[in-house]
Structure formats: structure tokens, C-alpha cells
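*Asks:* Task: produce atomic coordinates for the following.
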Amino acid sequence: MRPQSVILTFLGDHVYGRGVCVSSGSFIEAFARVGISEEATRSTLTRMVRRGLLRRQRSGRRMYFGLTPTSAEVLSDGERRIWHSGVVNDADEDRWTLIGFSLPESWQRQRHELRSRLVWAGFGPLQNGLWIAPGEVDAAGVIDDLGANVRVFSAEPRPPTDMQALVADAYDLADLGARYRAFLRRWDQADPAPDVPDDLARSLTLLTDWLQIIRTDPRLPLRHLPHDWPAEKAQRVCHSLHERFRPEAARLVADLLDTVPDETWAER
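*Replies:* Have a look, this model is predicted:
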């Protein structure tokens with residue numbers, strides 16, 4: 001697991017919304033439980049400050065780290081994906097957002113950036129320069145500042161369109177399904193992660209694993225997915241285990257967490 005991913009998981013599950021900054025020592029102690037060294041933790045915290053994901057706040061001789069608007073937005077998105085929107089899209093309406101774009105061949109950087117943003121927003125390629133995503137997607141944030149010639153439409157499929165075949169062409173369902181099944185193999189058992197020392201480490205590992213999958217899941221309509229699609233079962237396992245691990249994890253966090261009030265909290 002990437003240290004930054006674990007740090008964001010920890011912040012989202014135990015710090016987000018509390019208006020506090022956390023000491024570097026608390027991060028070091030927490031992440032040692034999942035095999036992340038002190039050196040790796042310190043260097044990751046420094047990189048996250050440079051990227052605008054954390055801010056430093058000194059109190060006495062100790063250094064504390066707090067959220068920024070950027071990291072708060074990332075954590076809010078993760079909270080929504082895990083606990084609210086979920087991975088199952090069983091909406092009655094079969095509506096899609098289409099984006100068509102045309103970029104000069106010389107705009108390689110903009111082309112790569114746009115495609116990365118489209119994938120992050122749940123889009124898959126239909127054909128050259130035409131991408132599709134389930135539901136009504138606000139495309140303004142995707143295309144903003146790129147200077148691309150982009151057209152956005154909302155549409156519904158009509159016969160003779162084979163939506164199951166179209167979805168299979170536009171999205172790598174084999175890879176996404178394999179990631180859900182790997183999650184189930186690891187966690188859907190009576191004693192999951194037996195090599196992990198305690199329930200704090202288990203909950204951090206569990207949610208980090210889960211977020212790595214669902215952040216790239218476009219939440220395609222269930223009606224267009226294979227009948228044995230594993231996402232719903234994997235979600236039930238994740239939620240059930242988190243509930244099981246949380247009491248002991250919260251107790252351990254209360255023992256190790258060294259915090260001070262976030263001086264910027266009132267400004268948000």
C-alpha cells in the first residue's frame with residue numbers, strides 16, 4: 001500500500017470533520033502497525049504538504065499536520081463513495097452523459113490530461129474522441145482550463161443499441177471484476193488479515209484496499225453488467241468488517257492520537 005493512500009484513509013476515518021491537526025508522532029505510530037517505516041511516513045507527510053494536501057502547524061516544539069481545502073474535498077469524495085453512493089447503480093432511468101472532443105495532435109499534454117480526467121469522472125471511450133459515462137455528469141470540472149473543443153450531451157440508448165456490449169467495449173470489466181474478486185478472497189473469511197497486528201491496522205488496510213477499487217469504479221448500471229458481478233457482495237463485506245473493527249480501532253486511535261485545534265477550522 002502506498003503511504004499516502006493509508007494516510008488519507010486514516011484522516012478520513014478518524015480526523016475528517018473534527019477540526020484538529022495531528023502530530024507527526026501519531027502518524028508514525030499508527031502506520032508502523034501496517035509496516036510503514038518512520039522514514040517513509042515523514043517523507044510522505046512532507047510530499048503531501050508540497051502538494052497542498054496537508055498543512056503544517058507548530059505547537060511548542062512539536063509539528064502537527066492539518067487538512068487543506070484540497071484534502072478535505074478528497075476525503076469528502078471518499079466518504080460519499082464508501083458510505084452514501086455505494087457501488088451499485090440500480091437507477092430506473094438509463095441515462096448517459098456523452099463528451100465529444102477534438103484536440104490537435106500537437107496537444108499531447110492536454111490530450112493525456114483530458115483522458116485522465118475523463119476516466120476519473122467515470123467515462124469510458126466509445127470511439128475516437130467520444131466518451132460516455134453513466135448518469136448525469138457535471139462535465140464543467142472535467143474540461144475546465146484545458147482549452148479543448150468539447151461538446152457535452154445527455155442521452156438515452158435506443159434500439160438496436162446493445163448496451164451490454166457497448167459497456168463491455170468502453171470499460172475494462174474484466175480488470176474491475178478481478179479486483180473486486182481479489183478483495184473478496186482477502187477479506188471474505190472468518191479471520192481476515194491474520195498477519196495484521198490489531199483492528200486499527202485491519203481497518204486501515206481494509207478501507208485503503210476498498211478505496212483503491214471504488215475510486216476507479218464508474219458505477220455502471222447493474223442491468224448492463226454480468227449477472228455474477230461481485231461489487232455488491234464486496235461492499236457488504238467491507239461495511240460489515242469495518243463495523244466489526246471500528247470499536248477497537250477507535251480505542252487505539254484515542255490512545256495514540258496527539259492533536260491540537262486546527263487554527264484554520266473557523267475559516268472553512
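
*Asks:* Mind naming the longest helix for this protein?
*Replies:* helix 231-256 (DSSP state H).

*Asks:* Would you map the helices across the stretch 101-250 of the chain?
*Replies:* Secondary structure of the stretch 101-250 of the chain (DSSP state H, counting those that start in this stretch): helices at 108-120, 140-143, 163-170, 173-187, 199-214, 231-256.

*Asks:* still on that earlier bit, run through the neighbouring helices and strands of the longest helix of the chain.
*Replies:* On a contact count with 3 or more Cβ pairs under 8 Å, 6 or more residues apart in numbering; DSSP states H and E, helix 231-256 meets helix 3-14, helix 24-32, helix 173-187, helix 199-214. Quick note: C-beta positions are derived from backbone N, CA and C, even for glycine.

*Asks:* Now the shortest one: buried residues?
*Replies:* By neighbour count on 16 or more other Cβ atoms under 10 Å, the buried set for helix 24-32 is 24, 25, 26, 27, 28, 29, 30, 31.

*Asks:* okay, the angle between the longest helix of the chain and helix 199-214?
*Replies:* 140 degrees (axes from the mean of the first three to the mean of the last three Cα atoms, to 10 degrees).

*Asks:* Sketch out the low-pLDDT regions of the stretch 1-150 of the chain for me.
*Replies:* In the predicted model of the stretch 1-150 of the chain, residues 103-107, 145-148 satisfy pLDDT under 70.

*Asks:* 90 instead?
*Replies:* Scanning the stretch 1-150 of the chain for pLDDT under 90 picks out 1, 60-61, 85-86, 91-93, 100-121, 127-129, 137-150.
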